[in-house]
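Participant: sequence and predicted structure are below.
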Amino acid sequence: MADTTTFSNATQVLEPFRGIKRVTIEEYFTSGHRTCQGCESALIMKLMVKAAGPRTIVLGSTGCMYVANTTYYTTPWVVPWMHTQLGSSGSAALGTAAGLKALMKKGKMKSEPINVIAFCGDGGGADMGLNGISATLTHKDYNCLILLYDNESYANTDIQLSGLTPYGANTTFSPPGKVIRNIHTRWKKNMAGMMAAGHPECRYVATVCGSYAVEMMNKVRRALTIGGPTFIHSLDPCPKGWDYDPMLSHEMGELAIETGLFPLYEVEDGQVKYYGKTKAIVEGRKRKPVREYLLKQGRFAHFTEEDLSYFQSKVDEMWEKWEIPAVIPFRRLDASKAALEVK
Amino acid sequence: MAVATPAAKAASEDKELLISGSEAVAEALTLADIDVVTAYPIRPYDTVMQAIAKKISGGQLVAEYIVAEGEHSQFEIVKHASTVGARVFCGSSGVGWAYAMECLVVTPPLRVPMIALVGNRALDDPGAFGVEHNDALFVRDLGWMLCWVDTSQEALDTTLIAYRVAEDRRVLLPLAISADGAFLTHSQAITMVPPKAKVDQFLPRYNRGDLLLHPDNPITVAPQANEDWVIEIRRQNDEAMKRATTVIEEAYADFRKVFGRGPENPWFEEYMTEDADVILIGMGTISLPMKVGIRNMRAQGKKVGLLRLRWFRPFATEKIVSVLSKAKAIGIVDRDYSFGSPYHSGVVATEIRAAMYNSDKRPPLLSFIGGLGGREVTLEDVYKATDLCYSAANSGKSDARTHWLGVRE
C-alpha cells in the first residue's frame, strides 16, 4: 500500500446537505442489527455513517450499539467497524487516527483523509470513558470524532442509572419504593458544555437529536471536516428505558428540545451557535413545561407535584441563571455584590 | 538472504554502546522503525519511554509518541493503531500493568501483535519499586507470549525477535518482554547494536493482510459472538500459541544467521547442567547470584547447574522435562507468589511440577520463593537452596514445603 503521496493531515471536505432531498441515498449501516422497536440510537448510527460516507472507520465501545447492534455474521456495518472496550471510545479514536497518520506520514500507506469515528453510550462516555475522551480532545493533531449516544441509562444491561440519567428516573438501580421515592437524586452531567469548556483546542462540539435528522448529519459532517478531535452529544429517546410507546420516539426528542431540557447547539472555535427550536427559545419563545415531557414517560410515573416543580426549577435555572444559557453554568457576580466582597 | 556486497559489509559493523536494558530496547525499537508508541509514567519500565522520546526528538526515529492519561488508554491506543497496520510498542510495570488489565485481556483474541516491555515491579500495597514477577504473570493464561531477559544484549536482540514472531501471520499474538526492575532496566552493560541493514534483512514489514481495518477492506472486528462462536475463537488462539513454538525456533535460527550471535536453544539457558546432580531454575537477573554460587560450589566439588527460563509462554514443556529428568534434584526459585496454590509454591514451581507429571523420571522437586520486592538474592540463599536440594536428592523425596529465602521470620 506504500505510496509517495505527500501526507498533509487533511480532512475530507463534507459540505452540508441542503435539505432532506439532497441527502445521499447510499446506506452504510443496513440490516442485521437487532435493536428495539423505536430505538433512536440505531437511527443515529445510520445517520452518522450516512453523513460520513464510505471512507470512514467506525469504532464502537460496549453498550447497546455493540451488543444489540453488531452481531457475528449479521453485521449491519458496510464501513470497517471494530469493537472497543466500554471506557475506550477516546483511546480507540486516538489510536486509530494515530496509526493511520503514522503510516501515511512514513509512506507505508496511501495518503488520503479517512474519517475516524468512535461512539460510546452515556455510561461508556460520561462515566467510565470520560478521562479517555478528555485526553483525546487535547490531541489536536489527530482527526477523529467521538459521538456519545445518550439514551440516559445503561440500557443494554437492564436499564441501570448512569451519570446522564435524569434526576429521579426509575431505573433498576433506582426503583421508587414506599420509603424512598427518588433514589437517584443526582442532576445529569452537562457533557457537551464540559467538553467545550474544558478543551480549548477542540474546535468543534455539538449536541444533536435524531428528531432533527438533517441537522444531525450536517453537524457530523462539520465535525469531520473541521478536523482535530471533535465531540458530539446525541440525546436518544429509548422506549425500553424511558417506558413509552415506541411510536413516540420522534415526539419525545422534540419535547426534550421544546421544554429546554436538552438544548441544540454547536461550539465552533469557541463560538456558540444555537439551532432550531433551541434558537427560538433563546430568542424569546416560551419553553414548554417539563411536565409535558416527563409525564409521558413511565420512568417518572412516581413523580409528585413537588418533584415536577423541582425539575422545572432546575431547567429554569439553565436558561435564566447560566452565563451562556443552557451551555455553560457559570454566573457572574452582580457588580454591587462583587464590590462588597472586594472590601 | 541478501548477498553481502562491499557496501553491505561495511554497514554490517555493530556499534558498541554502554547502555541499560531499557535503552537497549529503545535501540531495537528504533531499528524496527516502530510507528506508534504510547507512554505513561511508572517506575522502572518508563526509562524505555524516556529513551524513545530522545530518539524521536533527536530525529533517529519517526513515530507517533502519545502520552496517555493512564495505562488503560495507553494500551488501548496502541491496540487500535495496530489494527490499522501500525507497528506498535507499549509497556508498564506493577500496578500500572494491572490498571491496563482489561486491555491486556482483549489484545490476544483481537490478534494484535503488540510488543510490550514489562519492567517487573512489586505490586502495591505497600509501595515498592523493586522486582517481582507477579505483574507480567497476570496474563499467563490469556494468550500473551511471555519471555524474560537477563542482559541488555538479550533485551535488544529479543525485541527484534519479538516483532518477527508476534507479527508472523501464523501467530499474531501480543508479546511481553519482562526485564527485572532496576537490576536490568537501570543497569548498564556493553551492548552490540546492529546496523539497520541487518535488521531489515531479519525483520519484514508488519503486514496484517486481510485483517487490516481500512476502508479498502471493510471488515467488522469483534462483533458480539456469544456461545455460537466463542469456544472456536478460543481454540484459534490456542492453535496460534502452539504454532508460535515453531515460529520462535525459526526466528532464533535466522537471527543467528543474520547477526552471528544468539542462542541455539531459544527456550532456556543452560549453565553447567550437563553433569549436574542439582539443577536450579529461575527467570531473569537471578541468574547472576546463581551462576556465581554455582561456580563456587563446583570448586567444592558440588555438581550444580542452572536452567534459566527465557520463555514462559509458550512453555517448552518437553525440552524442559528432558533436561530436568536427568537431575537428582531440582530447585525452583520463584520471584513471585501464588497464595493458596498447590504446596503454596510460586508460579514457576507449580508449572514445572505440572510439566514433570508425565515424565517417567521425576527427581525430587523443591520450591523456593525469594527476592520479592527487589530484595537481593544472595549467595547464601543460593547455597541454602542447593543444600536442601542435596538432602532431597539423598532421601529421594520431594519436599512438600515451599521455602522462603532471605525472609525475616
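Facilitator: Done, it's in.
Participant: can we go C-alpha only for contacts and neighbour counts from here?
Facilitator: Fine.
Participant: so where's the chain uncertain?
Facilitator: Unless you meant another one, I'm taking chain A. Residue ranges of chain A with pLDDT under 70: A:1-5, A:335-336, A:338, A:341-343.
Participant: try chain B instead
Facilitator: B:1-12.
Participant: centre-most residue in it?
Facilitator: Compute the mean C-alpha point of chain B, and by CA atoms, centre = their mean the closest residue is residue B:147, 1.8 Å away.
Participant: what about it, helix or strand, and which?
Facilitator: strand B:145-149 (DSSP states H and E).
Participant: for that strand, name the packing helices and strands.
Facilitator: For strand B:145-149, the packing partners by 3 or more CA pairs under 8 Å, 6 or more residues apart in numbering or on different chains; DSSP states H and E come out as strand B:175-180, strand B:311-313.
Participant: for those strands, give me a markdown table that also has mean neighbour count and distance to residue A:94.
Facilitator: Shown next, in a markdown table, are these (neighbours: other CA atoms under 10 Å in any protein chain shown; distance: least, CA to CA, whole Å):
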| stretch | mean neighbour count | distance to residue A:94 |
| --- | --- | --- |
| strand B:175-180 | 28 | 22 |
| strand B:311-313 | 21 | 31 |
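Participant: so which of the ones you listed is nearest residue B:383?
Facilitator: Ranking the helices and strands packed on strand B:145-149 by proximity to residue B:383 (CA to CA) places strand B:175-180 first, at 22.2 Å.
Participant: how far off centre is whichever helix or strand comes after that closest one?
Facilitator: Note on strand B:175-180: by DSSP H and E, the next helix or strand toward the C-terminus is strand B:188-193. Relative to its parent chain, strand B:188-193 has a centroid offset of 19 Å by CA atoms, centre = their mean, to the nearest Å.
Participant: packing partners of strand B:188-193?
Facilitator: By 3+ CA pairs under 8 Å, 6+ apart, strand B:188-193 packs against strand B:15-20, helix B:21-31, helix B:152-166.
Participant: re earlier: show residues contacting the strand holding residue B:147.
Facilitator: B:136, B:140, B:155, B:158, B:173-179, B:241, B:283-285, B:309-314 (CA atoms under 8 Å, 6 or more residues apart in numbering or on different chains).
Participant: near chain A, which residues of the stretch 151-300 of chain B?
Facilitator: B:213-215, B:217-225 (CA under 8 Å from any CA of the partner chain).
Participant: top of those residues by neighbour count?
Facilitator: The member of those that has the most neighbours, counting by other CA atoms under 10 Å in any protein chain shown, is residue B:213 with 26 neighbours.
Participant: hmm, that residue is touching residue B:219, no?
Facilitator: Yes. Using CA atoms under 8 Å, residue B:213 is in contact with residue B:219, at 6.6 Å.
Participant: what about residue A:65, how many residues nearby?
Facilitator: 21.
Participant: quick check, it in a helix?
Facilitator: Yes. Counting by DSSP: H, G, I helix; E, B strand; the rest coil, residue A:65 falls inside a helix.
Participant: how close does it get to residue A:145?
Facilitator: 17 Å (CA to CA, to the nearest Å).
Participant: returning to that earlier point: let's have the helices and strands packed on strand B:188-193 in TSV, adding mean neighbour count.
Facilitator: Output for the helices and strands packed on strand B:188-193, formatted as TSV (neighbours: other CA atoms under 10 Å in any protein chain shown):
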stretch	mean neighbour count
strand B:15-20	16
helix B:21-31	26
helix B:152-166	25
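Participant: looking at the ones you listed, which is closest to residue A:149?
Facilitator: Of all the helices and strands packed on strand B:188-193, helix B:152-166 comes closest under CA to CA, at 36.2 Å.
Participant: any idea which helix is longest in chain B?
Facilitator: helix B:230-259 (DSSP state H).
Participant: helix/strand/coil for residue B:69?
Facilitator: coil.
Participant: returning to that earlier point: farthest-separated two in the residues of the stretch 151-300 of chain B next to chain A?
Facilitator: B:215 and B:225 (23.1 Å).
Participant: contact partners for residue B:120?
Facilitator: Neighbours of residue B:120 in contact, by CA under 8 Å, 6+ apart: B:44-45, B:93-94, B:130-136, B:178-181.
Participant: in strands only, show me the residues you listed.
Facilitator: Applying DSSP state E to the contacts of residue B:120, the entries found in strands are B:178-180.
Participant: residue A:229: which of the helices and strands packed on strand B:188-193 is closest?
Facilitator: Taking the helices and strands packed on strand B:188-193 one by one with CA to CA, helix B:21-31 is closest: 28.2 Å.
Participant: and the closest one, what does it pack onto?
Facilitator: Taking 3+ CA pairs under 8 Å, 6+ apart as the contact cut, helix B:21-31 packs with helix B:46-57, helix B:152-166, strand B:188-193.
Participant: make TSV from the ones in strands among the contacts of residue B:120 and add distance to residue A:200 to it.
Facilitator: Output for the ones in strands among the contacts of residue B:120, formatted as TSV (distance: CA to CA, whole Å):
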residue	distance to residue A:200
B:178	40
B:179	40
B:180	41
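Participant: just those now: which is nearest chain A?
Facilitator: residue B:178 (24.2 Å; CA to the nearest CA).
Participant: for residue A:68, what are phi and psi?
Facilitator: With angles defined as degrees, to the nearest 10, residue A:68 sits at phi -90, psi -20.
Participant: might one say that it is in contact with residue A:33?
Facilitator: Yes. Counting by CA under 8 Å, residue A:33 is a contact partner of residue A:68 at 6.5 Å.
Participant: just tell me which of the helices and strands packed on strand B:188-193 ends up closest to residue A:245.
Facilitator: Of all these, it is helix B:152-166 that lies closest to residue A:245, at 52.0 Å by CA to CA.
Participant: what packs against the closest one?
Facilitator: helix B:21-31, strand B:115-120, strand B:175-180, strand B:188-193, helix B:230-259.
Participant: redo these as TSV? Include distance to residue A:233.
Facilitator: Converted to TSV, the helices and strands packed on helix B:152-166 look like this (distance: least, CA to CA, whole Å):
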stretch	distance to residue A:233
helix B:21-31	39
strand B:115-120	35
strand B:175-180	37
strand B:188-193	51
helix B:230-259	33
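Participant: what about the helices in chain A?
Facilitator: Applying DSSP H to chain A gives helices spanning A:40-52, A:64-67, A:89-105, A:122, A:130-136, A:191-198, A:213-226, A:239-242, A:249-258, A:276-282, A:290-294, A:305-320, A:335-342.
Participant: of all the ones you listed, which one is nearest residue B:124?
Facilitator: Comparison of the helices of chain A against residue B:124 by CA to CA identifies helix A:130-136 as nearest, at 22.9 Å.
Participant: against residue A:81, how distant is residue A:234?
Facilitator: When residue A:234 is compared with residue A:81 (using CA to CA), they lie 20 Å apart.
Participant: for residue B:39, same thing?
Facilitator: Here residue B:39 is placed at a distance of 26 Å from residue A:81 (CA to CA).
Participant: for chain A, what's its nearest residue on the stretch 151-300 of chain B.
Facilitator: For the stretch 151-300 of chain B, CA to the nearest CA, closest residue to chain A: residue B:218, 3.9 Å.
Participant: check contacts around that residue.
Facilitator: Contacts of residue B:218 (CA under 8 Å, 6+ apart): A:78-81.
Participant: ok, and which of the residues you listed reach chain B?
Facilitator: A:78-81.
Participant: in the stretch 251-400 of chain B, mark out all the helices, start to finish.
Facilitator: Assigned by DSSP state H, counting those that start in this stretch, the stretch 251-400 of chain B shows helices spanning B:287-299, B:317-324, B:347-356, B:379-395.
Participant: out of the ones you listed, nearest to residue B:266?
Facilitator: Short answer: helix B:317-324, nearest of the helices of the stretch 251-400 of chain B by CA to CA, at 10.7 Å.
Participant: about what we covered before: who wins for proximity to chain B among the helices of chain A?
Facilitator: Evaluated over the helices of chain A, closeness to chain B peaks at helix A:89-105, with 3.9 Å, by CA to the nearest CA.
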